[in-house]
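Engineer: Need coordinates for the following:
(4 chains)
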Number of protein chains: 2
Amino acid sequence: MNFQERKSRIVQTVDERGSVDVRELAELLQTSDMTIRRDLTQLASLGLIYRTHGGAMKVSLATDKHRFANKTAVNAERKDYICQLAANEIQEGDVIFMDCGSTVFRLCPFIRNKRITVITNSLPVVAELMHSEVAVNLVGGEVDKERQAVHGLIAEEHMARYRANRAFIGVDGISLANGLTANSEKEASTAVAMARQSAQVYLLCDSSKLETTKYLQFAPLTLFDVLITDNAASPDLLTAYQQAGVTILY
Amino acid sequence: MNFQERKSRIVQTVDERGSVDVRELAELLQTSDMTIRRDLTQLASLGLIYRTHGGAMKVSLATDKHRFANKTAVNAERKDYICQLAANEIQEGDVIFMDCGSTVFRLCPFIRNKRITVITNSLPVVAELMHSEVAVNLVGGEVDKERQAVHGLIAEEHMARYRANRAFIGVDGISLANGLTANSEKEASTAVAMARQSAQVYLLCDSSKLETTKYLQFAPLTLFDVLITDNAASPDLLTAYQQAGVTILY
DNA sequence: TATTTTTTGTTTATTTTTGTTCAAATCAAC
DNA sequence: GTTGATTTGAACAAAAATAAACAAAAAATA
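Structural biologist: This next block holds a predicted model:
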């Protein structure tokens, strides 16, 4: 068995079974774990399979969300810490925008009992606030099933009709050099639209996202007024941001 | 079983069953409670599930659909018969309005696999069509928590932006003498707004509602083009309606 | 055949994931 | 409210998987 053949059999096996682990493949193909690992790394870089810790999966089974889920430690505590800070900023009677990011979603439990109005394009946020004290205004337009959110032209027109006291938005990446970046054009334009209509714009961003850059550069750091992050961020980094004129809460 | 697969299966199980507890999952996936808890925290932070004390729930508008579902159970067979007739009217490529009535909600299973666009103000309809072939356009505006729907000025403006081939609307009462009547002003005005924007308007109305009158008289019989009802209606009654110029499908 | 290149296997240190224990938080029933 | 049972997450330890370095084997080339 030459190594081309071995690799094609790996792809075949992964496709058949959906997922396999290194040990199984080594057994099946009568070779060492290390060789399998090397093969998997290579095949994954070609996009033929999706590499997991301990094995591999069929690409189609690993949705974007799961792919993200499988990445290292998405710190729930950090997000909750951030959301607690964010919730403290909210006043009774406020009208606030909430976008469809996963960090922003976690804000829901902290505002359940406040007498405020939330304008959002996120269906999970609506579901979460359905039985709460909060008055909800849902942004209309085309439903993006993947993100469980509403985006697009009509959605932006809708948002332009309202003025809010605060907007809470998330980003995929933020850096001093490249400003705010995102993985998706849709989320980016929604964030901008919400920011435009709000007196005070809060960026919710856990420290792991600081100084990371995603493919779409969509706004400068001046889009928001306050960056809320967690206390795991390095002090040097925070100082650098402050010197660049960014107000930080942590 | 690698850990990515485990997380996929957790999400899958939660979606299937609606809710599960930590112990069950640990048993099912042959792992420890702590591992399950860690997975749940992570998945929850991504918004894929909703973490509860002791387990997890499906994040979906469907979470509190049971109340609505109970309402739909009244005259279920008649309604399904009506919906089947309604679904037959729909062509591939159509754009249709669906309002927030319980009869109209039951149309969802019949259109899951059609390549059409649905414009609706009903959150249960959106939840139901989230995982279907149908493209969904959600009407924006203030969320009416009691009816799980969107109503109001902005909602009507939103609907006025679109033209549809067909509208499927429900009413609480219909009679030759009083025309269309409703229990709620909100639902009535939505129905009228949808009718105005559609080439063909279908009224879905089980026979128990024929010749009943509710408190709000909101439109004449000419609002709609076709009345779809069930075959439990008395022939005399149907004849009377036809003589009054109503097109009936049953 | 000898030499180079490529591929594979082994060892080791590092990283990631999992399991256990225990104090604190949460929930439910009173 | 208070109590008591259950659930939780933090800390730590154990297990598993990984990548890097290097050596051995196989293949390609001269």
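
Engineer: Now do residue A:10 against residue A:190, distance only.
Structural biologist: Residue A:10 sits 41 Å away from residue A:190, going by CB to CB, to the nearest Å. No exception for glycine: its C-beta is placed from N, CA and C like everyone else's.

Engineer: Could you do residue A:201 as well?
Structural biologist: 13 Å.

Engineer: More neighbours: which of these two?
Structural biologist: Remark: of residue A:201 and residue A:190, residue A:190 carries more neighbours, 31 against 22, as counted by other CB atoms under 10 Å in any protein chain shown.

Engineer: Isn't the more buried one up against residue A:121?
Structural biologist: Yes - between residue A:190 and residue A:121 there is a contact at 5.7 Å, judged by CB atoms under 8 Å.

Engineer: Now for the two: what residues contact both?
Structural biologist: The contact sets of residue A:190 and residue A:121 overlap at A:99-100, A:149, A:151, A:155, A:159 (CB atoms under 8 Å, 6 or more residues apart in numbering or on different chains).

Engineer: What pLDDT is listed against the closest residue to residue A:121 other than its chain neighbours?
Structural biologist: Closest residue to residue A:121 apart from its sequence neighbours, by CB to CB, 6 or more residues apart in numbering or on different chains: residue A:139 at 4.0 Å. Per-residue confidence (pLDDT) for residue A:139: 96.

Engineer: Next, see if stretch A:29-36 gets close to chain B.
Structural biologist: No - Stretch A:29-36 lies apart from chain B when judged by CB under 8 Å from any CB of the partner chain; the minimum separation is 13.4 Å.

Engineer: Kindly provide the whole-number mean pLDDT of that stretch.
Structural biologist: With pLDDT averaged residue by residue, stretch A:29-36 scores 88.

Engineer: any idea how far it is from the chain center?
Structural biologist: The chain centroid and the centroid of stretch A:29-36 are separated by 36 Å, computed with CA atoms, centre = their mean, to the nearest Å.

Engineer: now swap in stretch A:114-129 and tell me
Structural biologist: The answer for stretch A:114-129 is 18 Å, by CA atoms, centre = their mean.

Engineer: Output it as CSV - backbone C-alpha positions only.
Structural biologist: Extracted as CSV, the C-alpha positions of stretch A:114-129 are listed here (Å, rounded to 0.1, in the frame of the first residue of the first chain):
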residue,chain,number,x,y,z
LYS,A,114,-35.4,45.3,33.8
ARG,A,115,-38.1,47.5,32.5
ILE,A,116,-36.5,48.3,29.1
THR,A,117,-37.0,47.9,25.4
VAL,A,118,-34.8,45.7,23.4
ILE,A,119,-34.5,46.0,19.6
THR,A,120,-32.8,43.0,18.1
ASN,A,121,-32.3,41.0,14.9
SER,A,122,-31.5,37.8,16.8
LEU,A,123,-34.2,35.1,17.1
PRO,A,124,-32.6,33.4,20.1
VAL,A,125,-32.6,36.7,21.9
VAL,A,126,-36.4,37.1,21.2
ALA,A,127,-37.1,33.6,22.4
GLU,A,128,-35.1,34.2,25.5
LEU,A,129,-36.8,37.4,26.4
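
Engineer: Check which residues of it are buried.
Structural biologist: Within stretch A:114-129, the residues that qualify as buried are A:114, A:116-129, counting by 16 or more other CB atoms under 10 Å in any protein chain shown.

Engineer: Among the residues you listed, find the lowest-pLDDT one for me.
Structural biologist: Among the buried residues of stretch A:114-129, residue A:128 carries the weakest pLDDT, at 77.

Engineer: you'd agree it is up against residue A:105?
Structural biologist: Yes - the criterion here is CB under 8 Å, and residue A:128 meets it with residue A:105 at 7.3 Å.

Engineer: Tell me the residues of chain A that contact DNA strand D?
Structural biologist: The interface of chain A toward DNA strand D, taken as CB under 7 Å from any atom of the strand, is made up of A:2, A:21-23, A:33-34, A:37, A:41, A:52-55, A:77.

Engineer: near DNA strand C, which of those residues show up?
Structural biologist: Restricting the residues of chain A next to DNA strand D to those near DNA strand C by CB under 7 Å from any atom of the strand leaves A:2, A:33-34, A:53.

Engineer: Turn the residues of chain A next to DNA strand D into CSV, columns for distance to residue B:224, neighbour count and secondary structure.
Structural biologist: Below are the residues of chain A next to DNA strand D laid out as CSV (distance: CB to CB, whole Å; neighbours: other CB atoms under 10 Å in any protein chain shown; DSSP: H, G, I helix; E, B strand; the rest coil):
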residue, distance to residue B:224, neighbour count, secondary structure
A:2, 71, 6, coil
A:21, 60, 17, strand
A:22, 63, 21, helix
A:23, 65, 12, helix
A:33, 69, 13, helix
A:34, 71, 10, helix
A:37, 66, 16, helix
A:41, 63, 11, helix
A:52, 55, 23, strand
A:53, 59, 11, coil
A:54, 60, 15, coil
A:55, 58, 24, strand
A:77, 55, 12, helix
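
Engineer: can you list the residues you listed in JSON lines and add distance to residue A:207?
Structural biologist: Formatted as JSON lines, these follow (distance: CB to CB, whole Å):
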{"residue": "A:2", "distance to residue A:207": "47"}
{"residue": "A:21", "distance to residue A:207": "33"}
{"residue": "A:22", "distance to residue A:207": "33"}
{"residue": "A:23", "distance to residue A:207": "36"}
{"residue": "A:33", "distance to residue A:207": "35"}
{"residue": "A:34", "distance to residue A:207": "35"}
{"residue": "A:37", "distance to residue A:207": "31"}
{"residue": "A:41", "distance to residue A:207": "29"}
{"residue": "A:52", "distance to residue A:207": "26"}
{"residue": "A:53", "distance to residue A:207": "23"}
{"residue": "A:54", "distance to residue A:207": "28"}
{"residue": "A:55", "distance to residue A:207": "31"}
{"residue": "A:77", "distance to residue A:207": "12"}
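
Engineer: Can you name the helix or strand that residue A:11 falls in?
Structural biologist: Under the criterion of DSSP states H and E, residue A:11 resides in helix A:3-17.

Engineer: Pull out the buried positions in that helix.
Structural biologist: Neighbour-count burial for helix A:3-17 flags A:6-7, A:10-11, A:13-14 (criterion: 16+ other CB under 10 Å).

Engineer: just the CA coordinates of that helix, formatted as CSV?
Structural biologist: C-alpha atoms of helix A:3-17 as CSV (Å, rounded to 0.1, in the frame of the first residue of the first chain):
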residue,chain,number,x,y,z
PHE,A,3,0.8,6.4,0.7
GLN,A,4,-1.5,7.9,-2.0
GLU,A,5,-3.7,4.9,-1.6
ARG,A,6,-3.6,5.1,2.2
LYS,A,7,-4.8,8.7,2.0
SER,A,8,-7.6,8.0,-0.3
ARG,A,9,-8.7,5.2,1.9
ILE,A,10,-8.7,7.6,4.9
VAL,A,11,-10.9,10.0,3.1
GLN,A,12,-13.2,7.2,2.1
THR,A,13,-13.4,5.8,5.6
VAL,A,14,-14.2,9.2,7.0
ASP,A,15,-16.9,9.8,4.5
GLU,A,16,-18.5,6.4,5.1
ARG,A,17,-18.5,6.6,8.9
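
Engineer: So what touches that helix?
Structural biologist: With contact meaning CB under 8 Å, 6+ apart, helix A:3-17 is reached by A:20, A:25, A:28-29, A:31, A:36, A:39-40, A:42-43, A:48-49, A:56-58.
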